[in-house]
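Participant: Sequence plus predicted model, see below.
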Amino acid sequence: LVAPDTVVQVTALLGLVQIGLLAWRWEQVVRALDCAVGFRSALSVTLMGCFFGAFLFGPTGGDVARAALAPTHSLGRREIAHSVLLERLASMIGLGLAAAPLVALDAGPLARSLPLIATLAVVPLAVLAMAGVARLASRLDGQSGGLFFALRGLDQSWRRLLRRWPRFLLAIAVATVGQGLVAVEAWCLAQA
């Protein structure tokens with residue numbers, strides 16, 4: 001057996017890796033939206049988001065903080081908010097992809113549990129929701145008003161992201177690895 005102190009240190013190190021992966025994932029999405037942001041800038045905003053996420057409703061509060069505090073560079077505040085939302089979409093897809101082998105291989109007592117199956121259902125639902133936003137935005141193209149403007153803006157950001165699909169796929173792959181590391185962190189803490 002490994003000493004509990006060592007396990008806690010490994011868990012802390014994995015947490016730092018997680019933050020680095022989150023910053024890299026978000027950087028890929030921001031770059032796909034035509035903003036030349038560097039990893040260092042993405043990391044600083046991610047750290048701010050993690051700090052505020054500890055106090056403001058968890059990851060959602062951290063996402064709001066990232067959207068509000070990120071420098072806009074060549075993007076506007078609205079596109080930064082879109083980048084956070086689309087990065088969260090990549091995270092949800094990564095969660096589903098990380099959980100898929102457990103169900104496919106029937107690994108462990110929870111492999112066929114409702115929470116795990118619901119996690120897998122999130123993947124197609126999230127993508128369908130974005131497709132629905134795109135469809136709704138095209139149908140309401142001539143409408144005026146803040147909501148319609150916001151829908152069209154999100155649709156434009158989604159289309160830009162899809163045109164640079166290798167970056168989006170990289171963000172999904174990084175999210176999948178990150179979600180797998182969460183399971184390793186939980187196991188390490190259980191061992192401690």
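Facilitator: It's in.
Participant: Going by C-alpha atoms from here, please, whenever you check contacts or count neighbours.
Facilitator: Noted.
Participant: Just say helix, strand or coil for R112.
Facilitator: Under DSSP: H, G, I helix; E, B strand; the rest coil, R112 falls in the coil class.
Participant: Leaving out the residues flanking it, which one is nearest to it?
Facilitator: Using CA to CA, 6 or more residues apart in numbering and skipping residues adjacent in sequence, the residue nearest R112 is V103, 6.2 Å away.
Participant: and that neighbour, what is it in contact with?
Facilitator: 111-112, 116-117 (CA atoms under 8 Å, 6 or more residues apart in numbering).
Participant: what comes up buried for the helix or strand where it lies?
Facilitator: According to DSSP states H and E, V103 maps onto helix 77-104. Residues of helix 77-104 classed as buried by neighbour count (16 or more other CA atoms under 10 Å): 77, 79-100, 102-103.
Participant: Where is pLDDT lowest across the contacts of V103?
Facilitator: Across the contacts of V103, no position has a lower pLDDT than A111, which has 70.
Participant: just checking, that one touches A100?
Facilitator: No: counting by CA atoms under 8 Å, A111 stays clear of A100, with 9.2 Å between them.
Participant: Tell me which helix or strand in this protein has the weakest average pLDDT.
Facilitator: helix 114-139 (a mean of 82; mean pLDDT, DSSP states H and E).
Participant: From the chain's centroid, how far away is the next helix or strand after that helix?
Facilitator: Note on helix 114-139: by DSSP H and E, the next helix or strand toward the C-terminus is helix 146-163. In terms of CA atoms, centre = their mean, to the nearest Å, the centre of helix 146-163 is found 18 Å from the chain centre.
Participant: Which strands or helices does helix 146-163 pack on?
Facilitator: Counting contacts by 3 or more CA pairs under 8 Å, 6 or more residues apart in numbering; DSSP states H and E, helix 146-163 packs against helix 4-32, helix 77-104, helix 114-139, helix 165-191.
Participant: pLDDT on it, on average?
Facilitator: 86.
Participant: Next, the buried residues of it.
Facilitator: Buried residues in helix 146-163 (16+ other CA under 10 Å): 148-149, 151-158, 161.
Participant: for stretch 127-136, same thing?
Facilitator: 130, 133-134.
Participant: And the contacts of that stretch?
Facilitator: The set of residues external to stretch 127-136 that reach it, using CA under 8 Å, 6+ apart, is 89, 151-152, 154-155, 158.
Participant: farthest-separated two in those residues?
Facilitator: Maximum pairwise distance in the contacts of stretch 127-136, criterion CA to CA, is 17.8 Å, between L89 and R152.
Participant: related to what we said a few turns ago, list just the nearest of the contacts of stretch 127-136 to G142.
Facilitator: R152 (10.3 Å).
Participant: what's the burial count for the closest residue to the closest one other than its chain neighbours?
Facilitator: Among residues not flanking R152 along the chain, A137 sits closest, at 5.1 Å (CA to CA, 6+ apart). Residues contacting A137 under the criterion other CA atoms under 10 Å number 22.
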